[in-house]
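Student: Here is a sequence with its predicted model. Questions after.
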Amino acid sequence: MKDTPSHIIDTRYWHQLDNGRVQCDVCPRECKLHEGQRGLCFVRGCEDGLVKLFTYGRSSGFCVDPIEKKPLNHFLPGSSVLSFGTAGCNLACKFCQNWDMSKSREMDTLTSEASPRQLAITARDLGCKSVAFTYNDPIIFMEYALDVAAACREEGVHTVAVTAGYISPGPRTEFFRGMDAANVDLKSFSEDFYWRICGAHLEPILETLEYIKHETDTWLELTTLLIPGENDSDAEIDALSNWVATKLGKDVPLHFTAFHPDWKMPNHPPTPFSTLTRARRIAKGNGLHHVYTGNVHDVDGGSTYCDHCDHCLIERDAYRIGRYALTDDGCCEFCGTKLAGVFDGPAGNWGARRQPVTVTRTLARTGSR
């Protein structure tokens, strides 16, 4: 274990360019930096000719949430998860729902701090089955996230990445090797949308999704925020859900969630409930077994059904679990069909609570890089 006296650490995924600049290789953006410059994510930058992470061990705060809020409906249902994020993001989404953290350029936003081991111990002591890297994208603080993941595994605590999946192949292998579950935002199935609205590209996200599904043991769920007039047409929803069914498999859960006007799209209308139910119908018509609605009150759209006998197996009402008809190992109590996901005994009873917590300050790193 190595003690780190500051929040600034060296990173590995970068290389020197001929013109004196350095290139960050964590994501497809490949920011090329002069001395003293930060990448678009703002938390990685060039100092002393090296690419460094400037937010190791720092957070905008810690909170215990229901796992379903990530959203993950097939990963330890009803359990609690210790959630935190940092600052910055490597996408530039105009509709960001967490813009106060992901778009922050002020390190004063990061008023909380904790070592990886202290986070793991806190999660264990609070009865949380997992720790979630969320609110902003953990890819940009991957060194801290991976150290937390290593500490969590020593304490029997799972780790969850809530991410846009915009990561390059090298770091992608290391990052998802450390994650037990991931919810990836598939923001659209249009390259035009990704470039015009997010300042990114679609293909790297699709590559990440196929990698997670087919080359890792990380449990995968997807979320698409439907924005009226932007990514909610029948044709796009049909193409997206058909790709998921064909390339990832029919058991991968897909969450369609409602947009609320925010950040740089304050005048866009919110998503009608009918849009979510229409999207769910189209996706199920393409063969997907588990399609959910989110950011709305919809018991039917939030509940899980057996893909064989169609009985309701997990009834959800605003993150609260009602009926739970699964065996301890995740099989349907009616027909015995195994439900895709990660299950460990009966459902938890955390409910819809959101509980801010304080983690004791200490900055010892786990391992070395």
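Tutor: Now that the structure is in, tell me what you want to look at.

Student: So what's the residue count around residue 76?
Tutor: Counted with other Cβ atoms under 10 Å, residues neighbouring residue 76 total 24. (C-beta placed from N, C-alpha, C; glycine too.)

Student: tell me the contacts of the closest residue to it other than its chain neighbours?
Tutor: Nearest residue to residue 76, sequence neighbours excluded (Cβ to Cβ, 6 or more residues apart in numbering): residue 129, at 5.0 Å. Applying Cβ atoms under 8 Å, 6 or more residues apart in numbering to residue 129 gives the contacts 67, 76, 79, 80, 81, 157, 158, 344, 348.

Student: do that again at 6 Å, thanks
Tutor: 76, 79, 158 (Cβ atoms under 6 Å, 6 or more residues apart in numbering).

Student: Please put the alpha-carbon coordinates of stretch 258-272 into CSV.
Tutor: Only the C-alpha atoms of stretch 258-272 are listed here, as CSV (Å, rounded to 0.1, in the frame of the first residue of the first chain):
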residue,chain,number,x,y,z
ALA,A,258,-37.7,10.2,-19.5
PHE,A,259,-35.9,13.5,-20.3
HIS,A,260,-36.4,16.5,-18.1
PRO,A,261,-35.3,19.9,-19.5
ASP,A,262,-31.9,20.8,-18.1
TRP,A,263,-28.4,22.2,-18.8
LYS,A,264,-28.3,23.6,-22.4
MET,A,265,-31.7,22.2,-23.4
PRO,A,266,-34.0,24.0,-21.0
ASN,A,267,-36.6,24.7,-23.6
HIS,A,268,-37.0,21.2,-24.8
PRO,A,269,-40.3,19.5,-23.7
PRO,A,270,-40.1,16.6,-21.2
THR,A,271,-40.7,13.1,-22.5
PRO,A,272,-44.4,12.1,-22.7
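
Student: circling back: and the contacts of residue 129, which is closest to residue 14?
Tutor: residue 158 (29.7 Å; Cβ to Cβ).

Student: Please report how far that closest one lies from residue 241.
Tutor: 28 Å (Cβ to Cβ, to the nearest Å).

Student: that older thread, format the contacts of residue 129 as a markdown table; extra columns: pLDDT and distance to residue 89.
Tutor: Listed next are the contacts of residue 129 as a markdown table, based on pLDDT from 0 to 100; distance: Cβ to Cβ, whole Å:
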| residue | pLDDT | distance to residue 89 |
| --- | --- | --- |
| 76 | 98 | 27 |
| 79 | 98 | 27 |
| 158 | 98 | 24 |
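
Student: List just the nearest of the residues you listed to residue 337.
Tutor: Of all the contacts of residue 129, residue 76 has the smallest distance to residue 337: 19.5 Å, by Cβ to Cβ.

Student: and the gap between the closest one and residue 326?
Tutor: 12 Å.
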